[in-house]
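Engineer: Need the 3D shape of this:
(one chain, ligands or ions: 1)
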Amino acid sequence: MLKVDHASVYFRTRDGNMVHALDRVSLDISDNSFVVALGASGCGKSTLLNAIAGFMPLSSGTITLDGRPVTHPGAERGVVFQKDTLLPWKSVVDNVALGLQFAGVQRAARRVRAEELLSLVGLKDFAKAFPYELSGGMRQRVGIARALATDPEVLLMDEPFGALDSLTREQMQELLVSVWKATGKRIFFITHSIEEALFLGTQVVVMSPRPGRIVARFDLDFVQEFVRTGDARSIKTAPEFASLREEIRTILHGSEEIRSAAE
Ligand SMILES: Nc1ncnc2c1ncn2[C@@H]1O[C@H](COP(=O)(O)OP(=O)(O)OP(=O)(O)O)[C@@H](O)[C@H]1O
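Structural biologist: Have a look, this model is predicted:
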């Protein structure tokens, strides 16, 4: 279990003001769960993910993974960012194997593992290609394979499909569900998109800004239904999906109005 307990973060800006980026956020990322944090820009989603990744400390509260405090980045937490961070001078297979290289795994074993992961993300035939030869969606697939290479316990994804066109984005969502099912990894995923959150999450936490906090939580079954049926279209056009989308839209708009009134 990855447990975030009353996590708060304050930043001091250049002009000396304090920003309350996260306010007593608590959530559990349990085995096999797919937890999505949804919210408008500035509500603290990346701050939360960065703290879980161990890139930055909390001002107060705790984060633990299977009971151990998270204080630094670690191989048991793989991260995928919106902008791919592939090394342009390395081939796709070598990019995927990078973490294994750092971990001291032998070259031959690194290749076998990286090629397995490239098959998992549908890029078996692109092992020798270089990042500049790939589309944005393909580069994100490489990023997912790379994050999985060290067999992390949880995958942290910061708006990974935000820069993709809508068709590619939908394909990537479906691919990610198949990766989630095939690997059994827990996923923590950030998005601005209500539809993406509803489709992917077993749990969606809705966040609002200043201070960044969780204002609603939903336990959902759409992703499991997709695993069973493989039919994304009928899930996304179902009345329950549409009514939840409207409910969340109302929550997000409501928190924006409260914020504007306070400013
Ligand atoms: N290093 C920093 N110094 C000062 N303020 C910061 C810093 N990092 C983030 N903030 C502020 O904290 C708040 C939360 O930022 P954060 O990036 O976590 O939000 P977000 O929900 O991820 O936004 P976006 O979706 O635009 O990435 C914002 O008001 C932001 O300006």
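
Engineer: Tell me which residue of the stretch 151-263 of the chain lies closest to the ligand.
Structural biologist: Going by Cβ to the nearest ligand atom, the ligand is nearest to Gly212 of the stretch 151-263 of the chain, at 5.5 Å. From N, CA and C alone the C-beta is placed, and that goes for glycine too.

Engineer: so what's that residue up against?
Structural biologist: Contact analysis of Gly212 by Cβ atoms under 8 Å, 6 or more residues apart in numbering lists 9, 20-23, 25, 39, 42-45, 47-48.

Engineer: Distance of it relative to Gly42?
Structural biologist: For Gly212, the distance to Gly42 equals 8 Å [Cβ to Cβ, to the nearest Å].

Engineer: try Ser8
Structural biologist: The separation that Ser8 has from Gly42, given Cβ to Cβ, amounts to 16 Å.

Engineer: between those two, who's got more neighbours?
Structural biologist: Comparing Ser8 with Gly42 by neighbour count (other Cβ atoms under 10 Å), the higher total belongs to Ser8, at 19 against 16.

Engineer: Give me the pLDDT value at the more buried one.
Structural biologist: pLDDT for Ser8: 97.

Engineer: hang on, isn't it packed against Ser59?
Structural biologist: Yes: taking contact to mean Cβ atoms under 8 Å, the distance of 5.1 Å between Ser8 and Ser59 places them in contact.

Engineer: before we move on, back to that, return the subset of the contacts of Gly212 lying in strands.
Structural biologist: Assignment to strands by DSSP state E places the following of the contacts of Gly212 there: 9, 20-23, 25, 39.

Engineer: how about the helix or strand bottoming out on mean pLDDT in the chain: buried residues?
Structural biologist: Least confident helix or strand, the chain: helix 239-262 with a mean of 83, by mean pLDDT, DSSP states H and E. Going by neighbour count (16 or more other Cβ atoms under 10 Å), the buried part of helix 239-262 is 241, 244, 248, 251-252, 255.

Engineer: Mind listing residues that contact it?
Structural biologist: Residues external to helix 239-262 that are found in contact with it (Cβ under 8 Å, 6+ apart): 38-40, 194-195, 197-198, 204, 206, 208-210, 215-216, 218, 220, 222, 235.

Engineer: out of these, who's near the ligand?
Structural biologist: Restricting those to those touching the ligand (Cβ under 6 Å from any ligand atom) yields Gly39.

Engineer: Out of the contacts of helix 239-262, which end up buried?
Structural biologist: When burial is judged by neighbour count using 16+ other Cβ under 10 Å, the buried members of the contacts of helix 239-262 are 38-40, 194-195, 197-198, 204, 206, 208-210, 216, 218, 220, 222, 235.

Engineer: In strands, which of those appear?
Structural biologist: Mapping the buried ones among the contacts of helix 239-262 onto strands (DSSP E) picks out 38-39, 204, 206, 208, 216, 218.

Engineer: Of the residues you listed, which pair is most distant in space?
Structural biologist: Comparing all pairs in these by Cβ to Cβ, the longest separation belongs to Ser208 and Phe218, at 14.7 Å.

Engineer: A strand includes Arg113, no?
Structural biologist: No: the assignment for Arg113 (DSSP: H, G, I helix; E, B strand; the rest coil) gives helix, which keeps it out of a strand.
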